[in-house]
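**Q** Structure, please.
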Amino acid sequence: MAGEPLLPVTALLTPPVDDRLASILTQLDEAAGCIGAPAYDVHENRLVQGRLGIATALFAALRCKHPPTASHSLRVALGCSRWGMALGLPEEALDQLEVAALLHDIGKVGVPDIVVLKPGKLSASESVTMNRHRNMGLEILRNCCASHTVLDIVRYTPAWYAGRRADFDREGEELPLGARMVAIVDAFDSMTTDHVYRRALPRERALRELYQYAGTQFDPTLVQHFAMLHEGDLAPEGERLARRWLTELDAQQVDELWHWGHQHTAVEETTAEQLFQQKLIDNMRDGVVFVDSNMQIQLWNHGAERLTGLAPASVCQQHWSPALVGMCDPQGKAISDADCPVAFVVHSGVQSIRRVRITDRHQRPVSCDIHVAPVIGSNGVTYGANVLIHDASPETSLEERCQNLHERATRDPLTQVANRAEFDRAHKLFVETHLERGLPCSLIMCDIDHFKQINDNFGHQAGDEVIRTFAQLLKQMCRPGDLVARYGGEEFVVLCADCDNATASGRAEQIRRSLVELPMPAMDGNAITASFGVTEIQPGDTDATMLRRADRGLLMAKDGGRNAVVQLGSGVGDEAPLAPLRHSHWWSWWHGSGKTDLLLERDLMMPVPLNVSIEKLRGFVADHHAAIEGVEGNRVLLRVKAEKLSLLRRTTDRPVAYLLELTFSEEQVHVEHGGGLRSADQLRTRVRVAIRPKRQRDRRHRELHVHARQLLASLRSYLMATDAEEHVSDNVLQRATTIVGTWLRGGSYS
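**A** Below is the predicted model of the structure:
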């Protein structure tokens, strides 16, 4: 762009290539000689052309697809080149290593943009799609690269040194040296580079990660040599690297690595097994279509001809597209090539099942279920997809009637979002599923500010219109898989699947800002505001406690002046699981030994002062509807009822109540800081938790210990505590008594 300063070539040689390679940068800047184009492209092209020769177009395709990946590949190639020279590799081996490192990610040209450019964590299906880029890269290189060594390096770069990946037939020293080197440099550069989904790690921490996985994922000897290389003097290797890439590479030898031509496969005779399969396919009433990786139709059976009126001879070897069969969605909207389920499966490798409409031989729409499954070989290469088209028109009318009844039962009639009953059902399922899988999910609770004034000043019809507009805005801001529901009146809830607290808060803030800028025609163009409470699921949660925590955040937003977002909860995080119980309360109760009513006892430690821990406890008390039975000295006794568990055998059974005895103490710890920093005294809080049933007869419930552990997990999440060793200092109990008593009386803390 005119007027912009030229980007220095140092941008090309960021980690893992060291800053001391200044000689390379100077020579490249002098050799560029092109002022009109960005220096980045000039220098990158100069390096790549010198190394790849006639195959430079491959790298250009990768750069057009995703420039950060192209830059990463060049840095990896330069790092491997410098490392290879330090190891004294022969020229031929060094050539092969540099080319393989430069093109090890070439397969990403075949990964959909929605996966490559996704700013967050990939889903399971997206991870499968991304992992297939190695096989795509091999398929590309097989058609143009004459070096089997280069292909082997690219093939085995993802393999683990310890052989823990079952899809590779080599491990340890059997892996090519180049593959083991590229794996280390690739990982190091990825860790020390900023990404849209993760910030860069410091170099020292990245090296620590390599050491941590040495012997399992990486070659331990090479990891040690790589680390030593980064700690030594890199200037000589830098100068030699500059000369090699800019002046010493022989263009003719570079081009010898490449060949251009087509691979021919012999035509095999049809076997008896293939004849059986062919007869089965031809006589199926469902349509069966085979599509190859280039989206060309290879087979079209009689069932497909019956459904569409298209003869096999007229469509085989033609390009598949939704328009070929008049494919529409169930509402009659034409499906574009970008939304085609067949193209999605071929490119992603993930099967798809959809209800669509196609046009029959009489140009009438026919409801069909289209099931597309990828065809993937043992080498991981996708050869195409099988398409099964099932005529669903006899089932459609009944399904539509059932669907209409379901929507009427689950939808809010005013806003057409989910109603309260559907939210309660989905929320419970969300909590159970995400806790079981250890995945985050968040809940946003929002309320239109001063809604009564809208009804009073503009009328109830205007109020209804505002509610509808607000609901539509919430739906537009949600992702697939999320649920928007009207909780009651002007209050709405949003369930965010696979979403942590920070992301949910960001989305709530985006909704809040959009709402402020959205004029409401029913209010003469004036805008409205809303308040938001956001929370993430955390260990020990039920749907009720999660909802109360979000509601508490909403109330805090209103008390703070409205038109705000308040986030509560610590989330799932990477909290360690609860340690085993100290004793089996059922065993001790049955044999009459020990504390017959004690379910569990545990010491927890919080790295915060006592007053902060007490403030965190308030949230637990509020969200669990706990009652304070009493306070004595530094001890607090809480009563909590079991809710929404299978403890009640009959609907007339009373809910089981638990007593939580919490004994607090505050400790002062002397912490020595390294690196010349001052030592300091820090305050931390210890609490002993004892849980028992309130009524003696309740101890016979078989699932008491399950809920007791759930309560302990929830308490630990609210307090942000970890398990602690047993030790209580007598000199801290007096302060604990004072603060706990102050909290019970509702005072303030110092």
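
**Q** Burial check on residue 339, number of neighbours?
**A** Residue 339 has 14 neighbours, counted by other Cβ atoms under 10 Å. Every C-beta, even on glycine, is put in place using the N, C-alpha and C of the backbone.

**Q** mind checking how far stretch 152-160 is from the chain centre?
**A** 25 Å (Cα atoms, centre = their mean, to the nearest Å).

**Q** now do stretch 524-531
**A** Chain-centre distance of stretch 524-531: 34 Å, with Cα atoms, centre = their mean.

**Q** Put the alpha carbons of it into PDB.
**A** Extracted in PDB, the C-alpha atoms of stretch 524-531 (Å, rounded to 0.1, in the frame of the first residue of the first chain):
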ATOM      1  CA  ASP A 524     -40.400   6.700  17.900                       C
ATOM      2  CA  GLY A 525     -36.900   5.600  17.000                       C
ATOM      3  CA  ASN A 526     -35.600   5.600  20.600                       C
ATOM      4  CA  ALA A 527     -33.300   2.800  21.700                       C
ATOM      5  CA  ILE A 528     -33.500   0.600  24.800                       C
ATOM      6  CA  THR A 529     -30.900  -0.900  27.100                       C
ATOM      7  CA  ALA A 530     -30.700  -4.300  28.900                       C
ATOM      8  CA  SER A 531     -28.800  -5.800  31.800                       C
END
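
**Q** Only the buried residues of that stretch, if you could.
**A** Residues 528, 530, 531 are the ones in stretch 524-531 that count as buried (16 or more other Cβ atoms under 10 Å).

**Q** Likewise for stretch 219-235?
**A** Neighbour counts over stretch 219-235 (16+ other Cβ under 10 Å) mark 219, 222, 223, 226, 227, 229, 230, 234 as buried.

**Q** Out of those, which two sit at the greatest distance?
**A** The distance between the two most remote of the buried residues of stretch 219-235 (Cβ to Cβ) is 21.0 Å, for 219 and 234.

**Q** Which strands and helices lie in contact with the strand or helix carrying residue 506?
**A** Assigned by DSSP states H and E, residue 506 belongs to helix 501-516. Contacts defined by 3 or more Cβ pairs under 8 Å, 6 or more residues apart in numbering; DSSP states H and E place helix 501-516 against strand 442-448, helix 460-476, strand 491-496, strand 530-536, strand 565-568.

**Q** Show me the shaky parts of the stretch 501-650 of the chain.
**A** Confidence mapping of the stretch 501-650 of the chain against pLDDT under 70 gives the ranges 573-596, 643-650.

**Q** That one: strands as residue ranges?
**A** Secondary structure of the stretch 501-650 of the chain (DSSP state E, counting those that start in this stretch): strands at 530-536, 565-568, 600-606, 627-632, 635-641.

**Q** Sheet-wise, list the partners of the last one with their directions.
**A** Okay, so that is strand 635-641. strand 627-632 (antiparallel), strand 657-671 (antiparallel) (DSSP bridges).

**Q** Point out the most buried one among these.
**A** Among the strands paired with strand 635-641, ranked by average contacts under mean count of other Cβ atoms under 10 Å, first place goes to strand 657-671 (a mean of 17).

**Q** Quick check: what element follows it along the chain?
**A** Taking DSSP H and E, what comes next after strand 657-671 is strand 680-693.

**Q** Name the next helix or strand following that following strand along the chain.
**A** Downstream of strand 680-693 (by DSSP H and E), the next one is helix 704-719.

**Q** residue ranges with poor pLDDT in the stretch 301-450 of the chain?
**A** Counting by pLDDT under 70, the stretch 301-450 of the chain shows low-confidence ranges at 394-406.

**Q** try the stretch 101-250 of the chain
**A** Counting by pLDDT under 70, the low-confidence segments of the stretch 101-250 of the chain come to 118-120, 123-126, 128, 164-166, 196-198, 231-239, 242-243, 246-250.

**Q** ok so, going back, tabulate the buried residues of stretch 524-531 (CSV), appending distance to residue 668.
**A** Formatted as CSV, those follow (distance: Cβ to Cβ, whole Å):
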residue, distance to residue 668
528, 51
530, 45
531, 40
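
**Q** Return the member of those nearest to residue 626.
**A** residue 531 (25.7 Å).
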